[in-house]
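[1] Whatever this is, show me its structure:
(one chain, ligands or ions: 1)
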Amino acid sequence: MPFLATARYGKDNVRVYKVHRDQETGVQSVTEMTVCCLLEGAIETSYTEADNSVVVATDSIKNTIYIKAKENPVNPPELYASILGQHFLDKYAHISVANIKVTVHRWTRMTVDGAPHPHSFYRDGEEKRIVEAAIRRDGITIKSGIADLTVLKSTGSAFHGFVRDEYTSLPETWDRILSTDVDCSWTWKVFPTLAAVQEGVERFDKAWESARQITMKTFAIDESASVQNTMYKMCEQILDAVPESQLIGYSLPNKHYFEIDLSWHKGLKNTGKDAEVYAPQSGPNGLIKCEVARS
Ligand SMILES: O=c1[nH]c(=O)c2[nH]c(=O)[nH]c2[nH]1
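    The predicted model follows:
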């Protein structure tokens, strides 16, 4: 006999833009985000018995995302996600979990003639700030993160001492290019209520700034023995810098840059210490992940 093992539904890819206009200074600030909201609860009969009486239409969920963005701050995204999720629990007794994902896109203020421009912005990269929150009646779990922060270092990275056997063709290296798209997350200890999220709300921007800063500084200054070791060092520091976090995670593709032997052309030297022109690879890539928890 089949049974419904899991079920959640809602609206994905809801794009939202909000502007704040400071009436005194005339300075405007903007936030653009993509929201996903999936509900769980006593909704089984909508799947098994065509009972739509338990369905809050995904169209209504979309409307709610806009209305809550109008009525409340959208920054920090952890707060907006929690407020939005809490609404569905407060409004609908049969909904037990609201899963909210907020992806914040970059709009960085332009500097024009040396001064910050009051209402013009540019996209300075595909990096995103991400929040995944699960709002339940017994608490709110929040995972914050950074995605698609593309970084490269042209030296200061080695990889040697790995297993060598009949499957190995990779030479050891003491100096290589290291490049990745950073996906980093920090999971907060469970917040018992929405009020607990709201109290000390500055913690969220502070943690994001720390994680970003630690990621970039460690990437830059670490004499990297491997992606594994460098990411572990990042995790340790974020655990220290964000006391309310309980788990730090990284997922890092190792985006390879291959040397090109050009010696066939007039004896051109372009390998080893003479390597200058490389071939960036789009795939395959290494993929290295870890999560580091407090003991
Ligand atoms: O930092 C690295 N870790 C690996 O596990 C690995 N494997 C590989 O081929 N190159 C690298 N680099």
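
[2] Next one, pLDDT for residue 113 please.
    Reported pLDDT at residue 113 in the predicted model: 98.

[3] Give me the distance between it and residue 30.
    21 Å (C-beta to C-beta, to the nearest Å). To be clear about C-beta, it is placed using only N, CA and C from the backbone, and glycine gets the same treatment.

[4] show me what contacts residue 106?
    Residues in contact with residue 106 (C-beta atoms under 8 Å, 6 or more residues apart in numbering) are 123-128.

[5] what's near enough to touch residue 98?
    Neighbouring residues of residue 98 by C-beta under 8 Å, 6+ apart: 37-40, 84-89, 134-135.

[6] can you do 6 Å?
    Residue 98 sits next to 39, 85, 88, 135 when contact means C-beta atoms under 6 Å, 6 or more residues apart in numbering.

[7] Write the PyMOL selection for whichever of the contacts of residue 106 are buried.
    Here is the PyMOL command that selects the buried residues among the contacts of residue 106 (16 or more other C-beta atoms under 10 Å):
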select buried, resi 127+128
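
[8] Of the contacts of residue 106, which is the nearest to the ligand?
    Nearest to the ligand among these is residue 127, at 22.0 Å by C-beta to the nearest ligand atom.

[9] The closest one against residue 149, yeah?
    Yes - here residue 127 reaches residue 149: they are 4.3 Å apart, a contact under C-beta atoms under 6 Å.

[10] ranges for the helices of the stretch 151-295 of the chain?
    Listed in chain order, the helices of the stretch 151-295 of the chain (DSSP state H, counting those that start in this stretch) span 194-198, 202-221, 227-241.

[11] Let me know which of those helices is tucked in deepest.
    Most buried of these by mean neighbour count (mean count of other C-beta atoms under 10 Å) is helix 227-241; its value is a mean of 19.

[12] rewinding a little: for the ligand, which of the helices of the stretch 151-295 of the chain is the nearest?
    With distances scored as C-beta to the nearest ligand atom, the stretch of these nearest to the ligand is helix 227-241 (3.7 Å).

[13] in the helix or strand encompassing residue 62, what counts as buried?
    Using DSSP states H and E, residue 62 falls within helix 58-71. Using 16+ other C-beta under 10 Å as the burial criterion, the residues of helix 58-71 that qualify are 58, 61-62, 64-65, 68-69.

[14] if we can go back for a sec, could you list which of the contacts of residue 98 belong to helices?
    Among these, the members falling in helices (DSSP state H) are 85, 88.

[15] Adding pLDDT and neighbour count, write the contacts of residue 98 out as a markdown table.
    Formatted as a markdown table, these follow (pLDDT from 0 to 100; neighbours: other C-beta atoms under 10 Å):
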| residue | pLDDT | neighbour count |
| --- | --- | --- |
| 39 | 99 | 25 |
| 85 | 99 | 25 |
| 88 | 99 | 24 |
| 135 | 99 | 27 |
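
[16] So whichever residue of the stretch 1-150 of the chain sits closest to the ligand, which state does it fall into?
    The ligand sits closest to residue 150 of the stretch 1-150 of the chain, with a gap of 17.0 Å, by C-beta to the nearest ligand atom. Three-state assignment for residue 150 (DSSP: H, G, I helix; E, B strand; the rest coil): strand.

[17] burial of it, as a residue count?
    Close neighbours of residue 150, defined as other C-beta atoms under 10 Å, add up to 13.

[18] Hmm, it is touching residue 180, no?
    No - taking contacts as C-beta under 6 Å, residue 150 lies outside contact range of residue 180: 7.5 Å.

[19] Common neighbours of those two, please.
    Common contacts of residue 150 and residue 180 (C-beta under 6 Å, 6+ apart): none found.

[20] Cheers, nothing more for now.
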